[in-house]
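**Student:** whatever this is, show me its structure:
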Amino acid sequence: MSNIEEIIKEKLSEIEQKHNVKIIYACESGSRAWGFASPDSDYDVRFVYVRDIRDYLRLDSVRDVIEYELNDIYDINGWDIKKLLTLLYKSNPVIFEWADSPVVYRLTEQWQHLQSVMPEYFSEKRMLYHYLSIAKNQLRAYFKDDKVILKKYLYALRPIFACRWILEKKSPPPTLFSKLYTGSLPSEIEDDFMRLLEAKKHNLEKTEGERIKTLDTFIQKNIAEIEAVLLTKNEEYSSNWDSLNKVFLENLL
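**Tutor:** Sure thing, here's the model as predicted:
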């Protein structure tokens, strides 16, 4: 175990003591979980916690997010299990990404049981809209000039590959970026893409570079294609609260 992992696990224990909660799951998210962290990337730690049952029976509401630390090294925050289950009902893609993170700091039986019901709450259409929106927002915010922060290409490409995975596999996309593109990387972008990925791993977060025409074309083309698919795609998601209510009560009792 690395020194950083030990520090993060200590911080999770500190959170439990300070806020009187039980953390049932904690993982890495962001570029370290995706597999293309820069040398100066921070640690995006996300966790799920359960409060004392009396907190859920109060007349006044208790905040459902704990933001513990935010600096150049750590970004640590977590969601109350009630918040997480409510968002899971809506097929929130972030929860599926956390569950599939390759870097796990805390794992419990309660989380494993919760994870076992997650496939019931996968909505192809809702996830497509989520990832398409991310790709379009990246373009709108960062691709205005002749130069671009290099990592923004990967932040635009990752949701596109996620959409392609959803359409092809009919399942939630994996968190690890290499799983998204391995075996399905289009030949017209392969060389430029691999060079970009290598550059991201060896340069700082804010490193800029010239625009890459092949990737620009690929991104625009795929966004248009995914938008066209969504125009004709029916929503086939029809789950209910039963499994989520059961998981919630099991964690409180």
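**Student:** okay, whichever helix or strand residue 189 is part of in CSV with CA atoms only?
**Tutor:** Assigned by DSSP states H and E, residue 189 falls within helix 187-202. The C-alpha coordinates for helix 187-202 follow below in CSV (Å, rounded to 0.1, in the frame of the first residue of the first chain):
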residue,chain,number,x,y,z
SER,A,187,-8.1,3.4,-37.5
GLU,A,188,-8.5,7.0,-38.7
ILE,A,189,-7.8,8.4,-35.2
GLU,A,190,-5.6,5.6,-33.7
ASP,A,191,-2.2,7.2,-34.2
ASP,A,192,-3.2,10.7,-33.1
PHE,A,193,-5.2,9.3,-30.2
MET,A,194,-2.4,7.2,-28.8
ARG,A,195,0.1,10.1,-29.0
LEU,A,196,-2.4,12.3,-27.2
LEU,A,197,-2.9,9.7,-24.5
GLU,A,198,0.9,9.3,-23.9
ALA,A,199,1.3,13.1,-23.9
LYS,A,200,-1.4,13.4,-21.2
LYS,A,201,0.4,11.0,-18.9
HIS,A,202,3.7,12.9,-19.1
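**Student:** I'd like the next helix or strand past that helix.
**Tutor:** From helix 187-202 onward toward the C-terminus, using DSSP H and E, the following helix or strand is strand 208-210.
**Student:** packing partners for that following strand?
**Tutor:** Strand 208-210 sits against strand 147-149, with contacts defined as 3 or more Cβ pairs under 8 Å, 6 or more residues apart in numbering; DSSP states H and E. In this view, the C-beta of every residue, glycine as well, is placed from N, C-alpha and C.
**Student:** and the strand it packs on, what does it pack against?
**Tutor:** For strand 147-149, the packing partners by 3+ Cβ pairs under 8 Å, 6+ apart come out as strand 208-210.
**Student:** partner strands of the strand it packs on and their direction?
**Tutor:** In the sheet containing strand 208-210, its partner strands are strand 147-149 (antiparallel), by DSSP bridges.
**Student:** so which bits of the strand it pairs with are buried?
**Tutor:** Counting neighbours by 16 or more other Cβ atoms under 10 Å, one finds that the buried residues in strand 147-149 are residue 148.
**Student:** need the strands for this structure, in chain order.
**Tutor:** Taking DSSP state E as the criterion, the chain carries its strands at 21-29, 43-51, 65-70, 74-80, 104-107, 147-149, 208-210.
**Student:** to residue 131, which of those strands lies closest?
**Tutor:** Counting by Cβ to Cβ, residue 131 lies closest to strand 21-29 out of the strands of the chain; the figure is 15.1 Å.
**Student:** now do the buried residues in the closest one.
**Tutor:** For strand 21-29, the buried set under the neighbour-count rule, 16+ other Cβ under 10 Å, comprises 21, 23, 24, 25, 26, 27, 28, 29.
**Student:** what bridges to the residue lying closest to the first one once chain neighbours are set aside?
**Tutor:** Put plainly, it is residue 21. Closest residue in space to residue 21, ignoring its immediate chain neighbours: residue 49 at 4.1 Å, by Cβ to Cβ, 6 or more residues apart in numbering. With DSSP bridges applied, the residues forming beta bridges to residue 49 are residue 23, residue 80.
**Student:** pretty sure residue 49 sits against residue 26.
**Tutor:** No - assessed by Cβ atoms under 8 Å, residue 49 is found out of contact with residue 26, at 9.0 Å.
**Student:** could you dump the buried residues of strand 21-29 to JSON lines with distance to residue 66 and pLDDT?
**Tutor:** Rendered in JSON lines, the data for the buried residues of strand 21-29 read as follows (distance: Cβ to Cβ, whole Å; pLDDT from 0 to 100):
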{"residue": "21", "distance to residue 66": "7", "pLDDT": "98"}
{"residue": "23", "distance to residue 66": "9", "pLDDT": "98"}
{"residue": "24", "distance to residue 66": "13", "pLDDT": "98"}
{"residue": "25", "distance to residue 66": "13", "pLDDT": "98"}
{"residue": "26", "distance to residue 66": "11", "pLDDT": "98"}
{"residue": "27", "distance to residue 66": "15", "pLDDT": "98"}
{"residue": "28", "distance to residue 66": "17", "pLDDT": "97"}
{"residue": "29", "distance to residue 66": "15", "pLDDT": "95"}
